[in-house]
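J.: requesting a structural model of the entry that follows:
(one chain, ligands or ions: 1)
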Amino acid sequence: MIKLKNVYKEYKTKDKNIVALKDINLNIKNGEIYGIIGLSGAGKSTLIRTINRLENVDKGNIYINDIDITNLNKKELLKTRKKIGMIFQHFDLLSSKNVFHNVAFPLQIAKVDKNEISKRVNDLLELVGLSDKKYAYPSQLSGGQKQRVAIARALANKPNLLLSDEATSALDPETTKSILELLRKLQKTLNLTIIMITHEMEVVKRTCDKVAVMENGEIVEKGNVDEVFFNPKTDITKRLIESMHNDDIEELDITNTENSKLFKLTFIGESSKKPIISTIAKDFNVEINILSGNIDKLISTSVGNLTIQINGNQEEINKSINFLTKNNVKAEVITNERDI
Ligand SMILES: Nc1ncnc2c1ncn2[C@@H]1O[C@H](COP(=O)(O)OP(=O)(O)OP(=O)(O)O)[C@@H](O)[C@H]1O
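T.: Reported below is the predicted structural model:
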């Protein structure tokens, strides 16, 4: 279990002090894949770097399996760090060493026996699907292959925690997908805990069990990914979710009038499979236009969004909305500046 308690961190520069982390509280269970999302400058990198003490905190405590790492001496810190792997956006491989030696490097530093190094590197390369690139150099690899080498290297010392700092941000969507699938596979086979920071909700959606949303150095929202997708509470979370979809309702040039209202419907799990829209059209005196829709397939369930226009008198529209709510569909009126 990883526990951050009232963590505070300030960068002191010549002309000003920047508060990067304000009163951060976070509990991450063993075996979870925990996403930390936010826009640029929110404090994500600083936060993840405090967990292996690449950054020190000014106030607060960070516990890894009940040990407060903010108080460790150098020797104890090195021992703890060995059990934490880290991967980065730009892979950070050694260009003068081939794949085998990049992965072997942390084991050589840890003075592991030569035969053991050879066995472990070969096993790791097989695990990340790169056995055939053992003698290739980083310059001969694609971005996705480089990240696979970096992942193998991060796992060389058999860590139980993997920190991922925007590991897929430099990759195309297909390669991103395959790296995220690999991380989930590794989490299962090695029983890893993974903390991943990202600015893309797509990464959270595809990989994470839990998520914390950061803004201006604070965690403004956190919870199970399905709950956060179904019921985002803050504007920043809504914006991050909406940025995955391409449905800009403003562009549709439709306004709310007395007998016509725009709604955003959100469905979760089983309710997304029921023929709810056709039931409303049949049972109430309303007409429905479907304007846009999408379904996000999360790790635990699916969350769907539908933008619809309901035409009818106010009473019939209200009845339709009551029916939706009773069927666990969240319905929100979309207001438009030009509404009458
Ligand atoms: N070494 C540093 N010295 C001074 N200020 C820093 C330093 N590192 C980060 N900051 C500042 O701290 C704040 C948080 O930065 P951080 O890199 O943690 O955010 P982030 O969410 O990871 O953003 P990005 O995705 O752009 O890296 C920002 O205002 C940043 O300018």
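
J.: pLDDT of the helix or strand Lys75 falls within, averaged?
T.: When elements are defined using DSSP states H and E, Lys75 is found to belong to helix 74-82. Mean per-residue pLDDT for helix 74-82: 91.

J.: same check on stretch 332-340?
T.: Stretch 332-340 comes out at a mean pLDDT of 70.

J.: hmm, back to that, buried ones in the helix holding Lys75?
T.: Neighbour-count burial for helix 74-82, counted by 16 or more other CB atoms under 10 Å, picks out Thr80, Arg81. Where you see a C-beta, it was placed from the backbone N, CA and C, and this is true even at glycine.

J.: and for that helix, what's in contact with it?
T.: Asn52, Arg53, Ile64, Ile67, Ile69, Leu72, Ala110, Asn157, Pro159 (CB atoms under 8 Å, 6 or more residues apart in numbering).

J.: what helices or strands is the lengthiest helix in the chain leaning on?
T.: Secondary structure of the chain per DSSP state H: the longest helix is helix 173-190. Contact here means 3 or more CB pairs under 8 Å, 6 or more residues apart in numbering; DSSP states H and E; on that basis helix 173-190 packs against strand 33-38, helix 143-154, strand 161-165, strand 193-198, helix 201-207.

J.: relative to the ligand, which of the ones you listed is closest?
T.: In terms of CB to the nearest ligand atom, the element of the helices and strands packed on helix 173-190 nearest to the ligand is strand 33-38, at 5.2 Å.

J.: partner strands of that closest one, parallel or antiparallel?
T.: Looking at strand 33-38 with DSSP bridges, its paired strands and their directions are strand 193-198 (parallel), strand 210-215 (parallel).

J.: could you dump the ones you listed into TSV with mean neighbour count added?
T.: Formatted as TSV, the strands paired with strand 33-38 follow (neighbours: other CB atoms under 10 Å):
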stretch	mean neighbour count
strand 193-198	25
strand 210-215	24
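
J.: make a markdown table from those strands and add mean pLDDT and distance to the ligand to it.
T.: Supplementary listing: the strands paired with strand 33-38 in a markdown table, determined by pLDDT from 0 to 100; distance: least, CB to the nearest ligand atom, whole Å:
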| stretch | mean pLDDT | distance to the ligand |
| --- | --- | --- |
| strand 193-198 | 97 | 7 |
| strand 210-215 | 98 | 7 |
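
J.: can you say which of the ones you listed is nearest to Asp132?
T.: With CB to CB as the measure, strand 193-198 is the member of the strands paired with strand 33-38 nearest Asp132 (26.1 Å).

J.: how far does the closest one sit from the chain's center?
T.: For strand 193-198, the gap between its own C-alpha mean and the chain's C-alpha mean amounts to 7 Å (CA atoms, centre = their mean, to the nearest Å).

J.: and the angle for it with helix 173-190?
T.: Per axes from the mean of the first three to the mean of the last three CA atoms, to 10 degrees, the angle that strand 193-198 makes with helix 173-190 is 160 degrees.

J.: with only the CA atoms kept, save strand 193-198 in CSV.
T.: In CSV, the C-alpha atoms belonging to strand 193-198 read as follows (Å, rounded to 0.1, in the frame of the first residue of the first chain):
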residue,chain,number,x,y,z
THR,A,193,1.3,-1.9,-8.5
ILE,A,194,1.5,0.8,-11.3
ILE,A,195,1.2,4.5,-10.9
MET,A,196,0.9,6.3,-14.2
ILE,A,197,0.8,9.9,-14.9
THR,A,198,-0.7,11.2,-18.1
